[in-house]
Structure formats: structure tokens, C-alpha cells
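everything below, folded, please.
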Amino acid sequence: MAVVNLTEARIRELEPGSGIWRDEQVKGLMVVCHATTKTYAVQGDVRRNGRHVRTVRMKIDRVDRIGLREARNRAKAIMSQIQSGIDPTAGLEETGITIAKALDVHLGEKPFREATTESYRYHVDHYLARYRNRAVADLSRSEVRDIYEYLRTAKGQTTATGVMRTLRAVINTAMRLDETITANPVSAIRIPMPKRREVDAIDLAAWWTQTETLSPIRRDLHRAFLLTGARRSSLLQVRRDDLDFEKGVIVFKHMKTGGQMMFPMGTYLTAMLKARLETDAPLNSEWLWPSPTSESGKVEEPKEPRKDLPSPHEYRHLARTLFIASGVPYAEGALLLGQRLPGASGGYVHAEHLVEHLRPHAQALETKVLAARK
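Now for the predicted structure:
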């Protein structure tokens, strides 16, 4: 690497492929003679706190595009940065946050239901396993489209939609942490809205007769779903201690909206659950719906595979409809279903303070159902 006093004429005379020629006048400036082109470049050592960090080389331009004077001016400006401890070749500072790390941050930002957390982790660990340790900034829109198309073809639209929603949420979290991520690649995909659930009308008399053919515990479980309109997880995770017959309430501690809910039981539901506890006492289980054959010790699947009976979520739709048919006002019906009322004032309504006010409305639903029995 020769050091010479560069001039325009001397640069023209340099042989192609002759290597690097340093300038005597401007520290760091050099001419690099490639096989077919010659370029100006600058090279220097980045030092911070007296410690050598790295040696960087930065191209300025081709010698046939700018003159020597401009090359020297640019070299001085770049060397000023280098001598100040700045690496001019470095991009923006970034965290390099991976999808797996972004998922951890996302799940740690607020409390999620256990089922939601498991769903997010399963999507990333199972369907996005090849990408979980990739930096979010490196994930392109074309890759996301390929993932989506593969999942749609191999796993079905429902799975593909769920995974993409998880990925979109995780990347949105990463964008708040890494300013170099300027867009969410999932936005390039048109994710379809879930289809509206169709729930057939129910013949209460026929339904009651059909539940009589079930085992006693399954019979009572189906009737409890309709008489409370509770979500699957809320009702299945009720423990024996969550029943307060003195106050006439069943306490749902696993609510989608958070917190817990005290549901005022009607007279039939109260008698049915009291009998249920007495019958199941020899099992010595903590659960309201015990199952000796289940790993968890409680019923996990309330759907009857060979019976034309509603699913837990269909019971919830039916309960909402029957509340209206029983003359229950909109707000009271929503509160009995554990839903938040809309609008700013809805946040000031606390259902746990309205148990006795809601009791006649819960009884109205029960009376409507019992009146249809044969």
C-alpha cells in the first residue's frame, strides 16, 4: 500500500488492478485501483475512550465521477466522524429483537388468560418454529405471504388466520421497541374476518328430554350452561368452594373480562347444584364437575360427540336470546353474561354490586326454560 502525493494526472496514470494508493495530504484518503475501475475511499480507526473499536473503510465515489478536490473534502468530513468515535458505515441502532423475544415482551406487557398465552406460544413454537429466532427486522412481506399461503393450504384457513393475527400482534410490539422496523409485513396480507356464527333455534322441550338421556353429571352440566350462559372456561373451572348457597350465588373466577363474577342462581339451579355436590361428595374432588378419568380431575370436554346438543358457546348465544324472550332488559342480560356495558358510563357499572338486582332476571330465564318442559 503505497503513500503518494496524489494529483489528477497521477491518478489517471495508475494501472488498473494495481491496488491501493494512499494520499499524503489527507489522512485516510486512498484510491483503490480495481480491475476495471478506480474509486476514492477513506479508511480509519474508530476509537472510543482510548480503545480501538474497529477499522472501517468507506467508499466515496468513482474517480471518473468526482475530482480530487471534492474527494479530499469528503474524506476530511468522514475522517472527522471516525476520529470522533462514530462509525459512518453503521446503520441505525437497533435491538435486533427476535420474534421469540418480542413474544415474551408482548405476553409480559399485560395479563392474558392462560388459554390465550398458550395459543400465542403454540402458534410461534409450532407453526413459526423456523422463524422464531429470526430478527423481526429481517422478516419480509414476501416471506410472510409464503407462510400464510403454506398454512392456508396445509393447515386450513382458520389456523392460518390465527397464526397471522398472533404474528401481527407480536411484530406490533417489536415495532415499539425497535425503531428500525418501520412497517408490519403482515399488513400485506388480507386476513379474512371470522364468519358470523350461525346458531339454530332450540326446541326447549326436545332439548330437555334429550339431556335426560345423559349421565347425571353431563345432564346437569348442559343445563347449567343454558341457565347461566357462562363461557366454557368459566363454568368448567368452578370449584365446590365457589358455590355459596347462603347467598345463592355461583362465583365464576375465570372471566374473559378479568376479575370474577357472582352469578345469582335461580331456584332450580340452586337445588340442582346442591344435589350435585351431595352426589359427588364420595369422589373427594375440589371441582364442581369432577372426572376421575381426566388428567386435570375435572370435565374438559362438555360437547357430546354423538348427541345433537349445543356447544358451550352456542348455549351462550341461546341464553342471550332467551333473556330477551323472558323480558330481561339489555343491560341486565349483558351483565348476567359477564359482558361489559358499552360507552364510558359502562365502566362505572359493577355487576358484583347488583347481584340482588340481577337475581329476578336470572330467575326469569330459568322460568322460561322450565316452562317448556314436557
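
just the CA atoms of stretch 136-146, as PDB, please.
Below are the C-alpha coordinates for stretch 136-146, written out as PDB (Å, rounded to 0.1, in the frame of the first residue of the first chain):
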ATOM      1  CA  VAL A 136     -38.200  -9.200  13.200                       C
ATOM      2  CA  ALA A 137     -36.500  -6.500  11.100                       C
ATOM      3  CA  ASP A 138     -35.300  -9.300   8.600                       C
ATOM      4  CA  LEU A 139     -38.800 -10.700   8.100                       C
ATOM      5  CA  SER A 140     -40.000  -9.600   4.600                       C
ATOM      6  CA  ARG A 141     -43.500  -9.200   3.300                       C
ATOM      7  CA  SER A 142     -42.900 -11.900   0.700                       C
ATOM      8  CA  GLU A 143     -41.800 -14.400   3.500                       C
ATOM      9  CA  VAL A 144     -45.000 -13.600   5.500                       C
ATOM     10  CA  ARG A 145     -47.100 -14.200   2.400                       C
ATOM     11  CA  ASP A 146     -45.400 -17.500   1.800                       C
END
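
all helices of the chain, in order?
8-13, 68-83, 99-108, 114-122, 141-154, 157-177, 204-211, 216-228, 232-236, 267-280, 312-325, 330-336, 355-371 (DSSP state H).

other SSEs contacting the fifth one?
Packing partners of helix 141-154 (3 or more C-beta pairs under 8 Å, 6 or more residues apart in numbering; DSSP states H and E): helix 157-177. Every C-beta, even on glycine, is put in place using the N, C-alpha and C of the backbone.

quick one: work out the angle between the helix it packs on and helix 114-122.
Compare the direction of helix 157-177 with that of helix 114-122 by axes from the mean of the first three to the mean of the last three C-alpha atoms, to 10 degrees and you get 90 degrees.

so which bits of helix 157-177 are buried?
With burial defined by 16 or more other C-beta atoms under 10 Å, the residues of helix 157-177 counted as buried are 160-164, 166-171, 173-175.

then stretch 302-311?
Using 16+ other C-beta under 10 Å as the test for burial, stretch 302-311 gives 302, 304, 309-310.

thinking residue 45 is in contact with residue 55, fair?
Yes. Look at residue 45 against residue 55 with C-beta atoms under 8 Å: they come within range, at 5.2 Å.

any low-confidence regions in the stretch 201-350 of the chain?
Scanning the stretch 201-350 of the chain for pLDDT under 70 picks out the ranges 257-258.

go with 80
The stretch 201-350 of the chain contains residues with pLDDT under 80 at 255-259, 305-307.

quickly list the domain ranges of the chain.
2-83, 99-188, 204-371 (automatic domain parsing).

make TSV out of these and add distance to residue 89.
Output for the domains of the chain, formatted as TSV (distance: least, C-beta to C-beta, whole Å):
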stretch	distance to residue 89
domain 2-83	5
domain 99-188	16
domain 204-371	49
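
circling back: tell me the one of the buried residues of helix 157-177 nearest residue 360?
residue 162 (40.3 Å; C-beta to C-beta).

counting neighbours, what do you get for residue 359?
Neighbour count for residue 359, taken as other C-beta atoms under 10 Å: 17.

beta partners for the residue lying closest to it once chain neighbours are set aside?
With C-beta to C-beta, 6 or more residues apart in numbering as the criterion, residue 359 has its nearest non-adjacent residue at 3.8 Å, and that residue is residue 264. Per DSSP bridges, the residues bridged to residue 264 are residue 249.

list the contacts for residue 247?
Contact analysis of residue 247 by C-beta atoms under 8 Å, 6 or more residues apart in numbering lists 262, 355.

and it, how far is that from residue 270?
Remark: distance between residue 247 and residue 270 (C-beta to C-beta, to the nearest Å) = 11 Å.

one more: residue 295?
31 Å.

comparing those two, which residue is more hemmed in?
residue 270 (17 against 7).

so what's the more buried one up against?
Contacts of residue 270 by C-beta under 8 Å, 6+ apart are 245, 248.

surely residue 266 meets residue 362?
Yes. Counting by C-beta under 8 Å, residue 266 does reach residue 362; the two are 5.5 Å apart.

list the residues that contact both of those two?
Common contact partners of residue 266 and residue 362 (C-beta under 8 Å, 6+ apart): residue 227.

more neighbours, the two?
Neighbour count, other C-beta under 10 Å: between residue 266 and residue 362, residue 362 has more, with 26 against 23.

pLDDT wise, what is that one at?
pLDDT for residue 362: 96.

any idea how far residue 229 is from it?
Taking C-beta to C-beta, one finds residue 362 at 9 Å from residue 229.

any common contacting residues for the two?
Common neighbours of residue 362 and residue 229 (C-beta under 8 Å, 6+ apart) are residue 336.

list the contacts for the closest residue to residue 37 other than its chain neighbours?
Counting by C-beta to C-beta, 6+ apart, residue 62 is the residue found nearest to residue 37 once chain neighbours are left out, at 5.9 Å. Counting by C-beta under 8 Å, 6+ apart, residue 62 touches 37-40.

what do you get for residue 357?
Counting by C-beta under 8 Å, 6+ apart, residue 357 has contacts residue 332.
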